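Asks: Sequence plus predicted model, see below.
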Amino acid sequence: MKIIVIMKQTFDTEEKIVIENGVIDKENVELIINPYDEYAIEEAVKLKEKHGGDVTVITVGTDEAESALRTALAIGVDHAILVEMEEDAVQLDENGIANVLATVIKEKEFDLILGGNMSVDNGASQVGPRLAEVLNIPHIATITKIEVDGKNVKAERDAEGDVEIIESSLPILVTAQQGLNEPRYPSLPGIMKAKKKPIQKLSMEDLDIEEELLQPLSKIVECYLPKKKPSGRILKGDLSNQVEELVQLLCHEAKVI
């Protein structure tokens, strides 16, 4: 089975976000594999272990993303591809990223493409579905279980608090939701092997993509932190007085009743 994982490098979820002049300050921040993409990588490796084949992980980013690719290789991925973007290059939106990934993937054989349901920085959940559309293959989003039997796929996905079961055929793209699996940590032997594995690096010039396919269809106008919520109030006294005071506060101060 030929499996491709699309991956993004994002901020560590425990990082303190600093915004200056409406832009996120990326200086000296800790970068990790997008947590939802970790589920995709783990599932790809599990499927390879069960059915055989190989796994290729692809990311679009600066040379900093090489560390995330090395981590994926240490987990059990076989091949890694980095489409390099200069730090000062025009930022691609989800449409541009999908077209870049599609250009790389079209040149490869694949049965299954896995990706995270969303990235924790932008949270758009668009790259996977857009990529499937460009490749003209079916896709299933937010899966929490997947079974592959020959050329057939059976997946379970979140559906507003319920479970939806979908059957399809390969090739297909699916995006991983929390609950799909428990991502493993890289082993020491895996880390040592990953250091020796080559990473294929491609430039935008190598891909020769039409300029119009890279034009953003959306843009981030401004980033800002949510307003700080006022501290809570503790009501004192007997229960009846607390209830009376609470009703007055909700009515006249909070103005919710």
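Replies: That came through, no problem.
Asks: Where do the helices of this structure begin and end?
Replies: Secondary structure of the chain, counting by DSSP state H: helices at 35-51, 66-75, 94-105, 127-135, 188-196, 204-207, 239-248.
Asks: could you say what helices and strands the fifth one packs with?
Replies: Put plainly, it is helix 188-196. helix 66-75 (3 or more C-beta pairs under 8 Å, 6 or more residues apart in numbering; DSSP states H and E). C-beta here means a position set from N, CA and C on the backbone, and glycine is covered the same way.
Asks: how much does the helix it packs on deviate in direction from helix 35-51?
Replies: 30 degrees (axes from the mean of the first three to the mean of the last three C-alpha atoms, to 10 degrees).
Asks: So which elements touch helix 66-75?
Replies: strand 2-7, strand 31-33, helix 35-51, strand 54-61, strand 79-84, helix 188-196, strand 199-203.
Asks: what sits against residue 153?
Replies: Residues in contact with residue 153 (C-beta atoms under 8 Å, 6 or more residues apart in numbering) are 112, 140, 146-147, 167-170, 172, 174.
Asks: Which residue ranges make up the domains of the protein?
Replies: The chain breaks down by automatic domain parsing into domains covering 2-214, 227-257.
Asks: Format those domains as a markdown table; extra columns: mean pLDDT and distance to residue 221.
Replies: Converted to a markdown table, the domains of the chain look like this (pLDDT from 0 to 100; distance: least, C-beta to C-beta, whole Å):
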| stretch | mean pLDDT | distance to residue 221 |
| --- | --- | --- |
| domain 2-214 | 92 | 8 |
| domain 227-257 | 86 | 18 |
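Asks: So which of these is the most surrounded?
Replies: domain 2-214 (a mean of 17; mean count of other C-beta atoms under 10 Å).
Asks: first to last residue in that domain, what's the distance?
Replies: 27 Å (C-alpha to C-alpha, to the nearest Å).
Asks: what's the spacing between it and its chain's center?
Replies: Its chain's C-alpha centre and that of domain 2-214 lie 6 Å apart, by C-alpha atoms, centre = their mean, to the nearest Å.
Asks: rewinding a little: which one of the helices and strands packed on helix 66-75 lies closest to residue 160?
Replies: Closest approach to residue 160 among the helices and strands packed on helix 66-75 is made by helix 35-51 (18.5 Å; C-beta to C-beta).
Asks: Hmm, residue 212 and residue 99 touching each other?
Replies: No. If you go by C-beta atoms under 8 Å, residue 99 and residue 212 don't touch, sitting 9.5 Å apart.
Asks: Just the C-alpha atoms of the top strand by length along the chain, please, in PDB.
Replies: If you go by DSSP state E, the chain has its longest strand at strand 139-149. C-alpha atoms of strand 139-149 as PDB (Å, rounded to 0.1, in the frame of the first residue of the first chain):
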ATOM      1  CA  HIS A 139     -12.400  12.400   0.800                       C
ATOM      2  CA  ILE A 140     -13.700  11.700   4.300                       C
ATOM      3  CA  ALA A 141     -13.100  14.300   7.000                       C
ATOM      4  CA  THR A 142     -12.700  14.000  10.800                       C
ATOM      5  CA  ILE A 143     -12.300  10.300  10.900                       C
ATOM      6  CA  THR A 144     -12.000   8.400  14.200                       C
ATOM      7  CA  LYS A 145     -11.600   4.900  12.800                       C
ATOM      8  CA  ILE A 146     -10.500   3.500   9.400                       C
ATOM      9  CA  GLU A 147     -10.300   0.000   8.000                       C
ATOM     10  CA  VAL A 148      -8.800  -0.900   4.600                       C
ATOM     11  CA  ASP A 149      -9.800  -4.200   3.000                       C
END
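Asks: Against residue 158, how distant is residue 145?
Replies: To residue 158, residue 145 is 11 Å away according to C-beta to C-beta, to the nearest Å.
Asks: what's the answer for residue 91, then?
Replies: The value you get for residue 91 to residue 158, if C-beta to C-beta is used, is 30 Å.
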